[in-house]
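S.K.: Sharing a model prediction with you, sequence too.
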Amino acid sequence: MQSATQIAVNSGSAALIEIKDLDKTYRVGEVEIRALRGVNLRIERGEFVAIMGASGSGKSTLMNMLGCLDRPSAGQYLLEGIDVASLDDEALAEIRGRRIGFVFQSFNLLPRASAAENVELPLFYSGAANDGARRAAQLLAMVGLGGRERSHPNQLSGGQQQRVAIARALVNDPAILLADEPTGNLDTQNSNEIMAIIRHLNRERGLTTIIVTHEPEVAAYADRIITLRDGAVIADQRTQPAAALLVPEPTAAPAQVLSGSGAFARMALVAAWRALQRNKMRSALTMLGVFIGVAAVIATVAVGQGASASVREQIQSLGSNLVVVLPGATTSNGVRAGFGSLSTLTVADADAILKDAPSVAAVSYMDRQVAQVVNAERNWSTSINGVTPSYLRVRQWPLAAGRNFTEEEARAGAAVCLLGQTVVNNLFDEGADPIGAMIRVKNFPLRVIGVLAAKGQSNFGQDQDDVVLMPFNTAERKVLGTAQVSATVPSSSTGSNNPILNPYAGLPSTTASSPVYQSAAALVSPFGSPPKISGVVNMIFIQADDAASVDAVQEAVRRILHRRHRVAPGQDDDFTVRSLNDIAQASESASRVLTLLLGTVASISLLVGGIGIMNILLVSVTERTREIGIRKAIGARRIQILMQFLVEAILLSALGGLAGIGLGIVASRLISAIAGWPVLVSPLAVVGGFLFSALIGIFFGYYPASKASMLDPIEALRYE
C-alpha cells in the first residue's frame, strides 16, 4: 500500500474525484447487501454537487466512500489521481485530516468539549495545533458564533451546533467539504442559514462541496444533482453551466507547523488531560489504588531502610575495623556446651596478637561481671568491665567529660573508673557533676575520673551506656574477686609432684592458655578447690589498620590462637573470631529481606490499582466509541488514538503516584513520630515508586488503548 507521504495535490487536468465501476457489498450474517452497484462519477474542482435518493438508495454509503471512511468492494476511487483503495490506514487518516472536511447530520460534536475545542480538534491530528485557539476563534466568528467559543454543545441550539461542525470542517483548509444531511435535524430558518454558509464557501472560496440530502429544497442550492436508486446512479443533472463555476487553483495541504514527536506528544497530552478533566470524580477514584500503593511502598521502604541505617549506626558505634575474639565451646564427658562455656582467652593471647599479627593498630581485652554500684543512698546493678586504656580507642568511644585512665594507673590497679550515661543518670541527680565522686563497686571504693559519651542501644538490644569501666588489673585484683587465685599449678614443695596424688603434676607452671590445663582445672583436686587462673579475659578487641585489612587480621588471629591453644587439625576451635563486617552483613541482609517483603506486599496495591485503570479504560472505550469514530473521521490515526488512551492511563497512574509520594513521605514521618521507629525516605524509593506507577499505567493501559485504536471509523460512528 502507498503511504501518506505519497499523497500529493495533482495540478494537472485530472478530475478531483473520479469513480469507476464502484461496488460495495455488506455481509449481515448469511445475507449479502449490495449497497453500491457499478457507480461511475467524475467531480471537478470547485463544483457544488448534491447527491439525492430515497432512504436505502446508497447515498450515505457513497458519501462514506468519498470521505475515505470505508473501502469499496470493487472498482476504483481516484482522489486527485490517487487510487484510494491502494492506501493504508495511515494515508487514509491523513487524507481525512487534511484534504476532507466533514459536516454530519447529527453534528458529531464532543459533548464535553467547548465550541472552540471542538473546532480545534482536527489540528491536534494534523500537527498544527500551536495556533489552534486563534484559528478556531476566527472560524467561529465567520459562521456567526463570535463570543460563544467557551460554550458547550448542550448550551447551543441545533443550528449553532451545525455551525460549529462547519467551522471544524474548515479548520485545516480542506480541498473537499462533505456534508451528510447537514439540515436534517434543523428547522427551515436554520436550514436556510446553514445552506447559505455552505454555498458562500463554494462561491467565494471555490471549495469543492458535496452534500447528501433527500430534500429538493436543499439540493436546489447545488449546481449539479446526482440521483441514486438501489445503489446505482439513475440521473446526473447540471443545474448551472460549467462555465459559470469558480474553479480555484489547486491548494497544497496546510504546512505542518509543529512536526515530529513534539506536536504528537502535545496532542496526546492535551487530549488526555481534557478527557481526565471531563471525568474528575472517576479519574480520582481510579487513581486511588495507585495512590495508596505508592504511598505504602514508600512508607514501608522508608521504615525498612531506616531500620537498616539504625543497625549500621549501632554496629559502627562498636568501633571501626573491629575484630572481636570470644571464648569458644567445651566438651566434657561427651556433652558439648555452648559458646563461652569455657574461658579460653587470656591476657597473654592478647599480647601475642598485638606482637605477632600484621596490620593491627591496637588491641584491648575485657573482664566483665554484673555487680551493684552504690553512690550515697542510690544503687544500680550494671556491667562492670575491666579494660585496658586502649579500649576507648578501639571502640571509638569518646568521653563526654573527664579523662581516661593512664597506662601507669592501669598497671598499678588504681581505684579509678569511667561511668556510662545510664549509670550516671541512675546514681546522680540531674545536672550533678559525677567527676571526682566516690562510688562503691562490690563494696570497693572507686573515684570517677570520666563520663563516657552516650552510645545508645547496640544491635543486640543491649544498652551500651549501662556500664562501668575500670583498669583491668583493678577489676581482677580488687573488685571482681580474683585477687587470691594462683596462676600456677601446685608446687613441688607440697609433695605434689606425684601424678597419682596431683593430676596437674608434670604440666608447665605457665600453662594458663592450655585447654588441657583449663579442662583439668575443672576437675576435683585432692587438695581442695582447683586453682583459678588469673589473666583470663572475656573478650579481646582488635582494631585493624583499615577496612581492607580486617579479613587478613582475622586469619592471622586464628593462626596465632591455634598455635597457642594447641588446636590440632580437624579439632573444633575453642574460640570464635568475628568482625563487625560479618555482623553488619547479617543484620543488613535481614533488614533487606524484611524491606523487600514489606515492599512486595505494598506493591500488590499498585497491581490492584493497575487493574482498576484497565477496567476503567475498557469502560471508557465502550462509552466513547462514537467519539473515537468522530476523531478518526476528522483525521486521527491509529497510533494517535492508541497514544491518547495510553497517555490517559499513564496520567492516571503518574498523578496517583505523585500524590502517593506525598502521602508516603508524610506517613513515614508520622510513623517515626508516633511509633518512634527510625525511618529513612530514600530518593531511589521515591523515583522508583513513581516510575513503577507509570509502568503500571503503560502495562494495564495498553490493551484498552489498542482496542480503541483498532475500531473501524464507520462502525464507531454508527455506535449508539
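M.R.: That came in fine, so what should we check first? Everything numeric in this text was worked out from a predicted model, so none of it was measured. Numbering: from 1, shown residues only.

S.K.: Centre of the chain to stretch 216-223, how far?
M.R.: Distance of stretch 216-223 from its chain centroid, counting by Cα atoms, centre = their mean, to the nearest Å, is 62 Å.

S.K.: cool, and stretch 469-485?
M.R.: 59 Å.

S.K.: now swap in stretch 199-206 and tell me
M.R.: For stretch 199-206, the distance to the chain centre is 56 Å (Cα atoms, centre = their mean).

S.K.: quick one: buried residues of it?
M.R.: 201-202, 205-206 (16 or more other Cβ atoms under 10 Å). The way it works is simple: take the backbone N, C-alpha and C, and place the C-beta from them, glycine included.

S.K.: Which of those residues sits closest to Gly689?
M.R.: Of all those, Leu201 has the smallest distance to Gly689: 54.4 Å, by Cβ to Cβ.

S.K.: How about that closest one, nearest residue that isn't a chain neighbour?
M.R.: Leu207 (4.7 Å; Cβ to Cβ, 6 or more residues apart in numbering).

S.K.: Run through the residues that contact that neighbour.
M.R.: By Cβ atoms under 8 Å, 6 or more residues apart in numbering, the contact set of Leu207 is 46, 174-177, 201, 248.

S.K.: what about burial for these, which qualify?
M.R.: Among these, those scoring as buried are 46, 174-177, 201 (criterion: 16+ other Cβ under 10 Å).

S.K.: Redo those as TSV? Include secondary structure, pLDDT and distance to Phe124.
M.R.: Output for those, formatted as TSV (DSSP: H, G, I helix; E, B strand; the rest coil; pLDDT from 0 to 100; distance: Cβ to Cβ, whole Å):
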residue	secondary structure	pLDDT	distance to Phe124
Gly46	coil	89	29
Pro174	coil	91	16
Ala175	coil	89	20
Ile176	strand	92	21
Leu177	strand	93	20
Leu201	helix	89	23
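
S.K.: which of the residues you listed lies closest to Ser605?
M.R.: Pro174 (49.2 Å).

S.K.: Next one: that closest one relative to His200, how far apart?
M.R.: 16 Å (Cβ to Cβ, to the nearest Å).

S.K.: As TSV, the buried residues of stretch 199-206 with secondary structure and distance to Asp70 would be great.
M.R.: Formatted as TSV, the buried residues of stretch 199-206 follow (DSSP: H, G, I helix; E, B strand; the rest coil; distance: Cβ to Cβ, whole Å):
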residue	secondary structure	distance to Asp70
Leu201	helix	25
Asn202	helix	25
Arg205	helix	27
Gly206	coil	27
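
S.K.: In contact with Asp551, which residues?
M.R.: Applying Cβ under 8 Å, 6+ apart, the residues near Asp551 are Ser579.

S.K.: and what of Pro174?
M.R.: 98-101, 207.

S.K.: pretty sure Ile166 is in a helix, no?
M.R.: Yes - counting by DSSP: H, G, I helix; E, B strand; the rest coil, Ile166 is found in a helix.

S.K.: State the distance from it to Thr209.
M.R.: Remark: distance between Ile166 and Thr209 (Cβ to Cβ) = 11 Å.

S.K.: any residues in contact with both of the two?
M.R.: In contact with both Ile166 and Thr209: Ile198, using Cβ under 8 Å, 6+ apart.

S.K.: mind checking the SS state of Tyr26?
M.R.: Following three-state DSSP, Tyr26 is assigned to strand.

S.K.: who's in contact with the closest residue to it other than its chain neighbours?
M.R.: Distance criterion Cβ to Cβ, 6+ apart; nearest residue to Tyr26, sequence neighbours excluded, is Ile33 at 4.6 Å. Ile33 makes contacts with 25-27, as judged by Cβ under 8 Å, 6+ apart.
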